[in-house]
Structures are given as C-alpha cells and as structure tokens.
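>>> Make a model of this:
(chains A and B)
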Amino acid sequence: MSFANKRLGKELAKIHGSLPPGITLVTADGFQEWLLDIQVLDANPIYMNKTFRLKFKFSTSYPIEPPEVTFTQQPDRPIPMHPHIYSNGIICLDLLGQQGWSPVQNVESICMSLQSMLTGNTKNERPEGDAAFVASNRRRPRDIDFYYHDNTV
Amino acid sequence: MDSEDDFMSGLSSDDDMLDDQSDNDDESVAEFGIDESDPELDFSHKKDTKKKKTSFEINFKVYKPEDIQRQQDDLIDEVNMILDIRKEDAAILLRHFRWNKERLIEDYMDRPKKVLEAAGLGPSTTGPPKLEVVPDFMCDICCEDEPGLKSFAMKCGHRFCASCYNQYLVQKIKEEGEAARIQCPADGCNRIIDAKSLDLLVAADLQQRYHELLTRTYVEDKEHLKWCPAPDCPNAIECGIKKKDLIRVVPTVACGCDYKFCFGCILADHQPAPCELVKRWLKKCADDSETANWISAHTKECPKCNSTIEKNGGCNHMTCRKCKHEFCWMCMGLWSEHGTSWYNCNRFEEKSSSDARDAQTKSRVSLQRYLHYYNRYANHEQSAKLDKDIFIKTEKKMVQLQSASGMSWIEVQYLNAASHALQECRQTLKWTYAFAFYLARNNMTEMFEDNQKDLEMAVEALSEMFEKNVNELSEPKLKVDIMDKTSYCSKRRDKILEHTAENLANGGWSWSVDF
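Just a heads-up that it's a prediction; the model follows:
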C-alpha cells in the first residue's frame, strides 16, 4: 500500500468516526477522489441555507504534496460567491498551493479552513477577471500561479 | 607591466606584436610559438589576474566551484568565531542576510533573539541532530503510531517520523529545487532545516544536490557574482560593475571556459553596444514592430472605418470591403466628389494628400535605414556561425599543413590565431551595426564609421586568405600575410572598441533615441 493510501485510509477511518458540524462526507471510493459537502453554520446571508460540494483529488505524493481541491457544481450545489473562488470552482487559497501547504494539513482541516473562509466573507462577488479566467484557463489548479496578496477576505 | 607579464600573457604578447608591427617577422613567429606552446599556463594566468589595460576592458575574476565553496566556508567560519554559534546556524544566518556579513554581525549584536527568530532559528538548545524513538509518538503526516518508530524534530519540537521527513525533503529538493529556505513541515513553522539535520535525513545523492543548490544561492545572492552562462560551465565570475554603470561601460568578461559574455545582461559579448541598446535592438529585431513599419509603408486606412487596406493593383476607386465606403486612393477624399473625373484624380496636389505622401515616404526611409543596419548585423552573425565551421576545418588544415610542408605544430598555430581573431572581430562588427543604428549623426559618427569600415575590410581580407587551400597556405609569403592581417584585424578591433568605450564613459555619443 502506498504512502498516500496509508494516510488516506487513516483519515477516512477518522472521518467515519466523527466530523465537525457542517462537514459531511459524500463519497470516498478509493484513494484518488473524494467528495465532501460543506455548509456555513452562522447566519451569513450570502451562504444561508446553502450546501456546497468539494472535490478532492489526491496524487500519490499526498500529503507531501497538497491535494487538488475545487468546488463542483450540481443542481442543488452552487459554487459559493467569494472574491477568491472562481465561477468554475477553482479556489485561490495559499494553503492549497505548494508554498502554503504543510503535510500536517488533512482533508478535515482543509474543509474547516474553507468553511471559515466563507464564514468571514462579506462580499457577494467573484474574483476580478473571473469571466476571462474561466473562459481561458486550461491548467490544473496546482499549476496556476495565484498571487496571495489579499489577506482581507 | 613587467616583462614576465609580457612573456606569459597571450594578450600582452598580442599587443606587443601590434605595437611592433614593423619588427622583423621571425620575431613575431617566435612570439606566437612561445605564446601558444603552453596554453594552460597562458590561460590561467590571463583569466585569473586580469588587469585593466584598455578603455574597453574591465577587471573581473573567475571562480571555480571549489573557490565558491571556500569563500562560503571562510565566511561561515568567521561568523562562527565572532558570534560563537554553530556553523550550521552561522550558514543559515548568512543565507538569511544574503551573505552580508557586516550587517549580520551588527544586527546580531544588537538583537540576537530577533535575528535568530527571523532566520528561522528560534530559541535554541545544544546537541547534534539525531533520530529518536519517542514513546506514544504518532506522526502527524502519515498518522503512523507503531512502537519503535524513528522520528526527528528540529529545535522547534515539531516531530515527524524519519520516512515522512525524508519524503518531504525529497519533494522540496528534487521537485521544487529549494535548498536555503526549506521550512519545518509543520503548519506555520518558519524554522529552516540546517545542513546537518538534512544530512541525517536524506540519502547521499540528495545531500549532494542540496549542497549544489545551496552553493547556487550564494552566487545568486551576491550582486557581484554571476554564473557563467555557457552550457555545463560550473564557474562564476566576480565583477564590480553596478547596474547604473551599464550605460557607460560594456562589462565584457571571459570565463575560464573561454566563453565571453556581458556581465551586465549575461548575453554573449556585445561590445561596443551598451546593454540597453542591445536590449532594444534585439526587441526591435524580434517583435513585429517592423511588420508595423511595412504596413505603414504599403497600406492606408479606410477614411471611414479605419480598416487597413493594401492596394495591390487596379484603379484609384476604392470600395472598402468592410464598410463599403467609396474613396480615392490618391487623395483619400470621397469618390462621389470626384464628379466625372473617373479614374484620374485631379486633387493630387492638394495639401492633405501631399502630407499623406510625405508621411509615407518617411516611413519608407526609416524602414530602409533599419534594413541597411539589420542586413549587415545579420550578415556578420551568419559569418560568425560559419567561423565556427572554419575553426573546425582549421584544425584539419593544420594537420595537413604539417605533413605537406614539414612545418612543426608550433609553426602552424598562426592559423589558429587567425581563426580566433576572425571570430572575435565578426562578433564586434555585428554589434557595431546595432550601435550605429541608434547613433545620431555628427562628426563622431563619421570617425566611428571609418573605424568600422577599416575593421570590416581587414576582416573580409583575412577571411579570404584564410579560406585558401593547403598548397597555397604552405607558401611562406601567405603565412606572413595572414599573420600580419591577423594582428592588423585585432589592432583595428581594439581601435574601434577604444573609441566607442572612451566616449561611452564620458557620455560623448549622442543617440537618436533616449536610453
């Protein structure tokens, strides 16, 4: 069993045991791709009564390398409005990049970080240049050089 | 310079030859013979202790990998002694301060704790790094908790199992090319891994790579050091030229591997043109600004919708394909106003149309001017490439010549010298054309162009002699001619470089653009 599978197996066992409120596991078939739902728990009007779906993709070097995490759209699962989330579900967050990632992070801690990123947001808007980025981007999230310049949201 | 210097250095003996052109030829032959008979000694002497000699040469030093390592070790030792800290920590601190020893020592004396914290060294305890088995340990990376698991922690106390630490470091070094700033794997911990801890955790091949990368950061951090850009050359060059000087000097350096390049911009030798000029010229040649020039020379815009139209034949009655506007190609006026004078514009002499014509002529002239310089630049570039082929052929020729004429190896080295001179002169000539393109015309331009012409004629003459077949080359007369021409070329090259460099240094040139 590979390094990544071993770790993911342990994470999965823990997730089946308990998860923080507002985070639920949807599917975890194998160790390549998992789906989780998250909700914002406080009364933030932008996200009230909404559930968002996260897709995790793991490489064989996980957790040395960060997983690829994106929001994915379903009829009842919109892409959350946020100045750091593009309408195609790509998330600009330093902890998901090679520089900000620490192998101590895990699926649960990522979900919690994203939850709090949404909770603290008051801007009902997309990133600047969203339309152009979504139309032109063919790269995978890990290959995009985001500039993590904005620490206000 | 002293006589030993004269004797040993290839460059100075060349100078001798140039200065004493009228001397008898036997002496020149002897000069060459001695000069080339010990190329190893010759080179090392010339490159390592090069002194400023002419207005177009600068001081620089070549460092081999072991020199670079030693410099770092010396600095680390010094800081280790002065501040009484571990060598590993001294290295981290020096890298943190980009090898500015004075600033490190000063800051450390003032606020040791703050400096250590900022460099990722945090509060410290002593003792060499080691792997440990800690009871009730679970690795936060792989979540493994079996008893007897070997683990490691730096002084920050974040403990991970040896295998996870290893994987983490492999990823950082191999995939991300990091070395000097690898942080503890724990989230938000800024502690930087030191060389000793690293050696404990990874295999030998990776340790080597790590130290290579560390050495690289030393050269990259130092403003006065630059890597030789030649493929596979491990040397670095030290030169005191600063960025703001680049408009007044062209800092050409020659690495121990024989590659000549500009210390300012790392491009191949581009004397006499200063870096900024080179940058503009290359951009001009590379991007399609000349396409735009062509467009303005050959096309006009539709007066209504501004679509660009090339008239490639036919009459003056234009109908724009896009907006269907009808106009006269000659005067650009409305076609309907031409009344009955179909196909024969009688408004040609009006002011607006003559202005349009002037603009067009101007554009054509500037295009032709550019092409004049570009063609000559490109020609020398091409010839310089061919010179490389010639150089290979030269070596064959020299062997043939030795057997055909009974000359010794030393006696045929004049061909080698001629080949070197040709390459060097063509490289210079090439850039004189870019230089000339940006010059504003005045008295100095003429002097420059005279120098350029002399060099060019000499180079072409030498090139012609050089391509003669072996039978002719073995004639003593031609040999003497080639040697004379070789030294003449070098002399002419020195002349034009001196003239340009002196006037660059004192701001004597006036340019047609702002640099």
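>>> only C-alpha atoms for contact and neighbour calcs from this point on.
Will do.
>>> Spatially nearest residue to the most centrally placed residue in chain A (excluding sequence neighbours)?
The structure's chain A has its C-alpha centroid closest to A:V69; by C-alpha atoms, centre = their mean the separation is 4.3 Å. Residue nearest to A:V69 in three dimensions, not counting chain neighbours: A:F56, with 4.7 Å by C-alpha to C-alpha, 6 or more residues apart in numbering or on different chains.
>>> for the chain, longest helix please?
All of this is about chain A. In chain A, taking DSSP state H as the definition, the longest helix is helix A:3-17.
>>> that answer is for a different chain, and I need it for chain B
helix B:351-405.
>>> Check which residues of stretch B:225-238 are buried.
Of the residues in stretch B:225-238, B:225-230, B:235-238 count as buried by neighbour count, 16 or more other C-alpha atoms under 10 Å in any protein chain shown.
>>> okay if I get those residues as a markdown table plus pLDDT and distance to B:Q271?
Shown next, in a markdown table, are the buried residues of stretch B:225-238 (pLDDT from 0 to 100; distance: C-alpha to C-alpha, whole Å):
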| residue | pLDDT | distance to B:Q271 |
| --- | --- | --- |
| B:L225 | 91 | 20 |
| B:K226 | 92 | 19 |
| B:W227 | 91 | 20 |
| B:C228 | 93 | 17 |
| B:P229 | 92 | 17 |
| B:A230 | 92 | 18 |
| B:N235 | 93 | 22 |
| B:A236 | 93 | 21 |
| B:I237 | 94 | 18 |
| B:E238 | 93 | 19 |
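>>> In strands only, show me those.
Counting by DSSP state E, the buried residues of stretch B:225-238 place B:225-227, B:236-238 in strands.
>>> Can you give me every residue that contacts the residue in the stretch 151-300 of chain B that chain A sits nearest to?
Taking C-alpha to the nearest C-alpha, chain A has its nearest neighbour within the stretch 151-300 of chain B at B:D187, 5.1 Å off. Shown in contact with B:D187 (C-alpha atoms under 8 Å, 6 or more residues apart in numbering or on different chains): A:101-105.
>>> Buried residues in the helix or strand bottoming out on mean pLDDT in chain A, which are they?
Between all helices and strands in chain A, the lowest mean by mean pLDDT, DSSP states H and E belongs to helix A:130-136, at a mean of 83. Neighbour-count burial for helix A:130-136 flags A:D130 (criterion: 16+ other C-alpha under 10 Å).
>>> Show me the shaky parts of chain A.
Along chain A, the model assigns pLDDT under 70 to residues A:1, A:142-153.
>>> Those residues of it touching chain B, which are they?
A:3, A:6-7, A:10, A:63-65, A:101-105 (C-alpha under 8 Å from any C-alpha of the partner chain).
>>> just to revisit the earlier point, by contact count, what packs against the longest helix of chain B?
Helix B:351-405 sits against helix B:289-298, helix B:413-438, helix B:470-473, with contacts defined as 3 or more C-alpha pairs under 8 Å, 6 or more residues apart in numbering or on different chains; DSSP states H and E.
>>> Identify, out of those, the most deeply packed stretch.
helix B:413-438 (a mean of 22; mean count of other C-alpha atoms under 10 Å in any protein chain shown).
>>> and it, what does it pack onto?
Using 3+ C-alpha pairs under 8 Å, 6+ apart, the elements in contact with helix B:413-438 are helix B:25-37, helix B:275-286, helix B:351-405, helix B:443-466, helix B:476-505.
>>> My read is that the residue nearest to A:V69 contacts A:E33, right?
Yes - in terms of C-alpha atoms under 8 Å, A:F56 counts as a neighbour of A:E33; the distance is 5.4 Å.
>>> Looking at those two, which is more packed in?
A:F56 (20 against 16; other C-alpha atoms under 10 Å in any protein chain shown).
>>> In three-state terms, label the more buried one for me.
strand (DSSP: H, G, I helix; E, B strand; the rest coil).
>>> who's in contact with the nearest residue in space to B:S419 that is not next to it in sequence?
Excluding the flanking residues, the one nearest B:S419 by C-alpha to C-alpha, 6+ apart is B:F391, at 6.0 Å. By C-alpha under 8 Å, 6+ apart, the contact set of B:F391 is B:416, B:419-420.
>>> Just list the residues touching the residue nearest to A:V69, thanks.
The neighbours of A:F56, taking C-alpha under 8 Å, 6+ apart as the test, are A:33-35, A:67-70.
>>> between the residues you listed, which is nearest chain B?
Of all the contacts of A:F56, A:P67 has the smallest distance to chain B: 13.7 Å, by C-alpha to the nearest C-alpha.
>>> still on that earlier bit, okay, the contacts of B:D187 in TSV with secondary structure and neighbour count next?
Below are these laid out as TSV (DSSP: H, G, I helix; E, B strand; the rest coil; neighbours: other C-alpha atoms under 10 Å in any protein chain shown):
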residue	secondary structure	neighbour count
A:W101	coil	21
A:S102	coil	24
A:P103	coil	19
A:V104	coil	17
A:Q105	coil	19
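>>> Can you lay out those as JSON lines showing distance to B:C262?
Listed next are the contacts of B:D187 as JSON lines, based on distance: C-alpha to C-alpha, whole Å:
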{"residue": "A:W101", "distance to B:C262": "40"}
{"residue": "A:S102", "distance to B:C262": "42"}
{"residue": "A:P103", "distance to B:C262": "44"}
{"residue": "A:V104", "distance to B:C262": "46"}
{"residue": "A:Q105", "distance to B:C262": "47"}
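>>> now, the most widely separated pair of those?
Farthest pair in the contacts of B:D187 (C-alpha to C-alpha) is A:W101 and A:V104. Separation: 8.5 Å.
>>> Got the phi and psi for the residue of the stretch 151-300 of chain B closest to chain A?
The phi/psi pair for B:D187 (degrees, to the nearest 10) reads phi -60, psi 130.
>>> Sounds good, over and out.
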